[in-house]
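Starting from these lines, generate the structure:
(chains A and B)
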Protein chains: 2
Amino acid sequence: MQKHIKFFKSLLGDENAHFDDAHRLAYCYDATKKRHLPDGVLYPRDENDVSEILKYCNENKIPIVARGAGSGFTGGALSVNGGLVLALEKHMNKILEIDMQNMVAVVEPGVINMDLQRAVQAVGLFYPPDPASQDYSTIGGNVSENAGGMRAAKYGITKDYVMAIRAVLPNGDIIRAGKRTIKDVAGYNVAGILIASEGTLAVITQITLKLIAKPKMSKTAMGIFADVKTAMNAVYKTMAAGVTPVAMEFLDALCIKAVNDRFNKGLPSEAGAILISDVDGDTETKLDADLAVIRDVFMQNGAIDFKVAKDEAQAADIWFSRRNCSQAINCYGTLKLNEDITVPRSKLPELLDEIEKVSQKYGIKVPCFGHTGDGNVHTNVMVVDKNDEKQVENGHKAIEEIFKIAVDLGGTLSGEHGIGISKAEFMPLAFNEAEMNLFRRIKMAFDPNNILNPGKMGL
Amino acid sequence: MQKHIKFFKSLLGDENAHFDDAHRLAYCYDATKKRHLPDGVLYPRDENDVSEILKYCNENKIPIVARGAGSGFTGGALSVNGGLVLALEKHMNKILEIDMQNMVAVVEPGVINMDLQRAVQAVGLFYPPDPASQDYSTIGGNVSENAGGMRAAKYGITKDYVMAIRAVLPNGDIIRAGKRTIKDVAGYNVAGILIASEGTLAVITQITLKLIAKPKMSKTAMGIFADVKTAMNAVYKTMAAGVTPVAMEFLDALCIKAVNDRFNKGLPSEAGAILISDVDGDTETKLDADLAVIRDVFMQNGAIDFKVAKDEAQAADIWFSRRNCSQAINCYGTLKLNEDITVPRSKLPELLDEIEKVSQKYGIKVPCFGHTGDGNVHTNVMVVDKNDEKQVENGHKAIEEIFKIAVDLGGTLSGEHGIGISKAEFMPLAFNEAEMNLFRRIKMAFDPNNILNPGKMGL
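Numbering: from 1, shown residues only, chains lettered A, B, ... in the order given. Down below sits the predicted model:
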């Protein structure tokens, strides 16, 4: 190890290569609250540093985990096999270019999502992907996990905005994939496979993102339903009616109660479920036409009431409740097993029905909220006492059953959080042996020595 | 070979396994007009047939080329190494499902693009990708080449609509990739890498496509410019002005003259270049607002005139001229070397300038038209006499220079036609050795015996 420390300090300078306990601790966690101490933390200054570091790690078979903000929910940034953390947020955090003519942004991986959103909005452009972590998560992390968000129903997810990537392979090779053009069919779609690869194939050093024109205005509305199933039924009928709301978010009764108790922002306490919908566009007429369609479909499908936010303050209150729901439901237990299963929209009523059955079977509350416009439901199995082994075991059994239900309904283990270590054991529920073997061969094609983020994705 | 013939006839029946000259000839060509005789032609009836066939070919190292309509421009469907053609258009040509609730279609690879467009439009939905070959090319071929089309500026290209793929690996393994959901981040994005892989990685047996609501109406307009450079300048300024036309198509003076001489549909003969623009939406107000923005930007950027088609007949005439341009320009020579380079939109004026220089240098006419809204220009190097070796040589030199110009401007060798054999030799212009090696390792991960469409993409 001393030899390695000497190498990295001489390459990066003392200030960019740290092997002390303070730095190791500072980079040992992520949003899973699990901890895995790395052996050291490196702050590359640029792509060439990344190349030299990877080459050395590859030759010496040292595991290395690229990391942005460490805000992931599935352990993607954890050094489960020791080795080094490649911390990209310190130096490689610049917006390199906002190209108004071609409507693209070029960024380093450590740029924070919201910083990019603000920078492009300042010049009248729009970068839609808005994961809940947008205030702190990085674009590099967003690309590596293919982050989604509230606006996916209308605007898609991170992968829909990645036009080109520069990355470093484990052998130190610097590769470019994609172009600043909508169309590019020369060579394999390497950018496509790097997206959502959780840092296991290459280290992304530069990202070119598509931007769109910023819609001039938006409005927020809320549909109030007696129960979850009726609300879920209205979701897919609305989307199929030809209107495309920016967001179609959902809170169940447990979530509504928790948010009201904690923040008191006036969600309807009598509701069994609510759907929050944003529409956007360039004219008031267009927004009102869209809202009229949504209102009609909601009311024809069992809504008790439909309210359009009177002003920005009221819209902000509604969205505050939605955004802080995850935090509020901690009142239901000391351990939250939260997953982000996704099913085809038409299967949402059945999914929520089945989740309710699991909740009853184990006597565990499972508050649900999420991005129903794209079929993505955040299911939270709330274990009352995290020190009660039996309760925890039941919680994990409930989660496994919920995964099975989602897959059986044609859905996926993860809509936006990734697999990491949290869902690795469930991969065989979703993929057969041929598919898992193909993943392993793809991994080998990029990273034959398995140095990049080893131990993830159930590979 | 007799052993192999016996195997395939017993597996598929005499009617689906052919080794006679008539069948071999019928499947030896594509739109490149090059010919490569396969040893036989197989008509698989379903995915299991494909699996059995590939397994056998893999064990016996028999090259096999999956084929749809054979309408590709780069030789993707040619059996350059002999072996078998796997013809998917005969049996595997069914639209399996149009799911209105989730707005997806599930199709077999042999479905013709226009058949799908018509079927979904009949139920109020819309499948936007519209390659020029839409009347005969298949969805399997569209996915394998990542086909573009006229509507890409607003609606994107084939890859933006592929949600899930079923495919067979060379070892016979059947894999599924992707889901009927907008969000799915479990496992590597295998569907993403199969798109545009030109049949070299797996045989696609089923495709799930995203559909969108059909816009209620559209209008067609034409901007008339004195010269190409002024027109190109107006293109990117229009797109950056916040309006997103469905199409922003371009014809230069040579194309306009050829189309008028041949079809006499009334394009303005005095124009140095025209831009044809479609806008679509749900209300007349929206369309007129978009057209007003386009008119303003055009006129502020040197347009001589701006005309909105008065009725559908006039719009149809304009589009007829555009769609038949490729055919009309054959008047300029007996050999057409047509390429589909693409550059960032802001580089279009420079690109067209440089192409003009190449044209003058070699004394060869290079009529250009194409999808300028997404930077995609069809450049046609017209060799007057295809039997004059010197002229042909100059034509090829001109093409190589044009490729270099496109790549130097941050563009790509191919916006939508693929690499195949036609552009294979130019891959080193666009990719460095590290990138080419990565492509080869990806190919090995899927197809270690190199049986699938060998000899393509410069691998």
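
what does the stretch 351-459 of chain A have sitting close to chain B?
A:371, A:374-376, A:410-419, A:423, A:427, A:430-432, A:434-435, A:437-439, A:441-442, A:444-446, A:457 (C-beta under 8 Å from any C-beta of the partner chain). In this view, the C-beta of every residue, glycine as well, is placed from N, C-alpha and C.

Wait, A:Arg176 touches A:Ala164, no?
Yes - with contacts defined as C-beta atoms under 8 Å, A:Arg176 counts as touching A:Ala164 at a distance of 6.9 Å.

In chain A, what residue lies closest to chain B?
Relative to chain B, the nearest point of chain A is A:Gly192 (3.1 Å; C-beta to the nearest C-beta).

Pull up the gap between the closest residue to that residue other than its chain neighbours and B:Asn102, please.
Spatially, and ignoring its direct neighbours in sequence, A:Gly192 is nearest to B:Gly192 (3.1 Å; C-beta to C-beta, 6 or more residues apart in numbering or on different chains). Separation of B:Gly192 from B:Asn102 (C-beta to C-beta, to the nearest Å): 20 Å.

Among the residues of the stretch 351-459 of chain A next to chain B, which lie within strands?
Judged by DSSP state E, strands contain the following of those: A:His371, A:Asn376.

Can you tell me the closest non-neighbouring residue to A:Tyr27?
Nearest non-adjacent residue to A:Tyr27, counting by C-beta to C-beta, 6+ apart: A:Val85, 4.5 Å away.

what bridges to that neighbour?
A:Val41, A:Val65 (DSSP bridges).

Now for it: which residues touch it?
A:Val85 makes contact with A:Tyr27, A:Pro38, A:Gly40, A:Val41, A:Leu42, A:Ile64, A:Val65, A:Arg67, A:Ala77, A:Ser79, according to C-beta atoms under 8 Å, 6 or more residues apart in numbering or on different chains.

give the contact list for the residue nearest to the second one when sequence neighbours are not counted.
Counting by C-beta to C-beta, 6+ apart, the nearest residue to A:Pro38 once its immediate chain neighbours are dropped is A:Ser79, at 3.9 Å. A:Ser79 sits next to A:Tyr27, A:Cys28, A:His36, A:Leu37, A:Pro38, A:Asp39, A:Pro63, A:Val65, A:Val85 when contact means C-beta under 8 Å, 6+ apart.

thought the third one was touching A:Cys28?
The one in question is A:His36. Yes - at 5.9 Å, A:His36 counts as touching A:Cys28 under the criterion of C-beta under 8 Å.

Remind me which helix or strand A:Gly223 belongs to.
strand A:217-225 (DSSP states H and E).

which residues make contact with that strand from outside it?
A:231, A:234, A:246, A:268, A:270-284, A:287-288, A:291, A:294-295, A:298, A:302-309, A:314-315, A:318-319.

For the buried ones among those residues, write the corresponding ChimeraX selection.
ChimeraX command restricting the contacts of strand A:217-225 to the buried ones, with burial defined by 16 or more other C-beta atoms under 10 Å in any protein chain shown:
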select /A:231,234,246,271,272,273,274,275,276,277,278,279,280,281,282,287,291,294,295,298,303,304,306,308,309,314,315,318,319
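
Which ones among the contacts of strand A:217-225 lie within strands?
Those of the contacts of strand A:217-225 lying in strands (DSSP E): A:273-281, A:303-308.

just those now: which is nearest A:Leu337?
Checking the ones in strands among the contacts of strand A:217-225 against A:Leu337 with C-beta to C-beta, the nearest one is A:Ala273 at 21.5 Å.

Report pLDDT for that closest one.
What the model reports as pLDDT for A:Ala273 is 96.

swap in the one 3 residues further on?
Reading off the per-residue confidence, A:Ile276 sits at a pLDDT of 97.

swap in A:Ala240?
pLDDT, A:Ala240: 82.

now do the one 5 residues further on
As summarised for this prediction, A:Pro245 has a pLDDT of 94.

A:Ala153 now?
88.

That one is in what secondary structure piece?
Judged by DSSP H and E, A:Ala153 forms part of helix A:152-155.

Do that helix and chain B come into contact?
Yes - counting by C-beta under 8 Å from any C-beta, chain B is contacted by helix A:152-155 at A:Ala152, A:Ala153.

Which elements pack onto that helix?
Secondary-structure packing of helix A:152-155 (3 or more C-beta pairs under 8 Å, 6 or more residues apart in numbering or on different chains; DSSP states H and E): strand A:247-252.

which strands and helices sit next to the strand it packs on?
Strand A:247-252 packs on helix A:152-155, helix A:228-240, strand A:273-281, helix A:312-323, strand A:368-371, going by 3+ C-beta pairs under 8 Å, 6+ apart.

Tell me which of the ones you listed lies nearest to B:Ser359.
Nearest of the helices and strands packed on strand A:247-252 to B:Ser359, taken as C-beta to C-beta: helix A:152-155 at 41.6 Å.

Tell me how many other residues crowd the residue lying closest to A:Leu275 once chain neighbours are set aside.
Of all residues not flanking A:Leu275 in the chain, A:Gly223 sits nearest, at 4.3 Å (C-beta to C-beta, 6+ apart). Residues near A:Gly223, counting by other C-beta atoms under 10 Å in any protein chain shown, number 29.

how close does A:Gly223 sit to A:Leu267?
Distance, A:Gly223 to A:Leu267, using C-beta to C-beta: 12 Å.

hey, which helix is longest across chain A?
Assignment by DSSP state H gives helix A:389-408 as the longest helix of chain A.

what's the model's confidence in it, averaged?
96.

Tell me the buried residues in that helix?
A:Gln391, A:Asn394, A:Gly395, A:Ala398, A:Ile399, A:Glu401, A:Ile402, A:Phe403, A:Ile405, A:Ala406, A:Val407.

Next: stretch A:37-44.
Buried residues in stretch A:37-44, defined by neighbour count with 16+ other C-beta under 10 Å: A:Pro38, A:Asp39, A:Gly40, A:Val41, A:Leu42, A:Tyr43, A:Pro44.

Near chain B, which residues of the stretch 1-150 of chain A are found?
Counting by C-beta under 8 Å from any C-beta, the stretch 1-150 of chain A sits next to chain B at A:Asp99, A:Met100, A:Gln101, A:Asn102, A:Met103, A:Val104, A:Gly124, A:Glu145, A:Asn146, A:Gly148.

Who are the contact partners of the residue of chain A closest to chain B?
If a contact means C-beta under 8 Å, 6+ apart, then A:Gly192 has A:Lys159, B:Lys159, B:Asn189, B:Gly192, B:Ile193, B:Ile195 as its contacts.

how about it, phi and psi?
Dihedral pair for A:Gly192: phi -60, psi -40, per degrees, to the nearest 10.
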